[in-house]
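Asker: missing the sequence, but the structure's below:
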């Protein structure tokens, strides 16, 4: 079964799982606060393969990860270029540090790799990569392996860059998908594809992870998340075709955009990126589209500082 086929099957299972199990969980808050309404949605590019992840390039463009075979670059004018292709194996999470683009892919069970964006040369760092990707303070990498990619869930896997050691289940959170770093660089947030829960993982004590809250609805299917400097988390809910705003302190949540190609073609990743002199949310989807979500006046979308 292909990776996409496994994802579809897993999302179907997620809906059934949520119907039977989520009712026993602590209810999520549906509180709404200022800035949840009035977002504007437009299309940046479309017609690409199924998109799994994105990363701003620092020059008003983006790198886009195709889940089937292709790593794209979209420049500031909206022109699309192919950066890398993997025959039969696509790309997952992306993280840019200067001119180095780190990426997770699904080759031979997954790898951690890096690309020199000035020369186009890519190097495999280690096997046992995964889906989401996050660069930590100091240069280590975290990835997720939900279980939909093949084999059991591995929680959060850490790549120790100084030794090259890969540590599966560094934090044993279940069915983890996306990854985001808190503004103070002390906590990692991740989401549960099946239950809609948002997990909080302290970097200094990854075994003491806790539930920060849960998205409302039967089976939103959270696929990825990003964090702002003010502490807000924005979550791409794949099944619902929805982007949520989530308060990491209270667990309150609200919908800022819906109808973004729901079901199997729904949103897969969300990031804060530049929009003129301000900021916007950018969202990839399995429908091959990159969308821009412009916030209403007064919403501070400045991104959390990178590691």
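Answerer: Yes, it's here. This is a predicted model, so every value here is computed, not measured. Numbers count the residues shown, from 1 in each chain.
Asker: nearest spatial neighbour of residue 251, skipping sequence neighbours?
Answerer: Closest residue in space to residue 251, ignoring its immediate chain neighbours: residue 213 at 2.7 Å, by Cβ to Cβ, 6 or more residues apart in numbering. Bear in mind the C-beta positions are built from the backbone N, C-alpha and C, glycine included.
Asker: who touches the one you found in this structure?
Answerer: 28-29, 197-198, 246-247, 250-253 (Cβ atoms under 8 Å, 6 or more residues apart in numbering).
Asker: Adding distance to residue 132, neighbour count and secondary structure, write these out as JSON lines.
Answerer: JSON lines is the format used below for these (distance: Cβ to Cβ, whole Å; neighbours: other Cβ atoms under 10 Å; DSSP: H, G, I helix; E, B strand; the rest coil):
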{"residue": "28", "distance to residue 132": "21", "neighbour count": "21", "secondary structure": "coil"}
{"residue": "29", "distance to residue 132": "25", "neighbour count": "16", "secondary structure": "strand"}
{"residue": "197", "distance to residue 132": "15", "neighbour count": "23", "secondary structure": "strand"}
{"residue": "198", "distance to residue 132": "14", "neighbour count": "26", "secondary structure": "strand"}
{"residue": "246", "distance to residue 132": "17", "neighbour count": "25", "secondary structure": "strand"}
{"residue": "247", "distance to residue 132": "21", "neighbour count": "17", "secondary structure": "strand"}
{"residue": "250", "distance to residue 132": "24", "neighbour count": "12", "secondary structure": "coil"}
{"residue": "251", "distance to residue 132": "21", "neighbour count": "19", "secondary structure": "coil"}
{"residue": "252", "distance to residue 132": "24", "neighbour count": "17", "secondary structure": "strand"}
{"residue": "253", "distance to residue 132": "20", "neighbour count": "27", "secondary structure": "strand"}
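Asker: how about the helices in this protein?
Answerer: 3-21 (DSSP state H).
Asker: so where's it shaky on pLDDT?
Answerer: 1-34, 129, 147-153 (pLDDT under 70).
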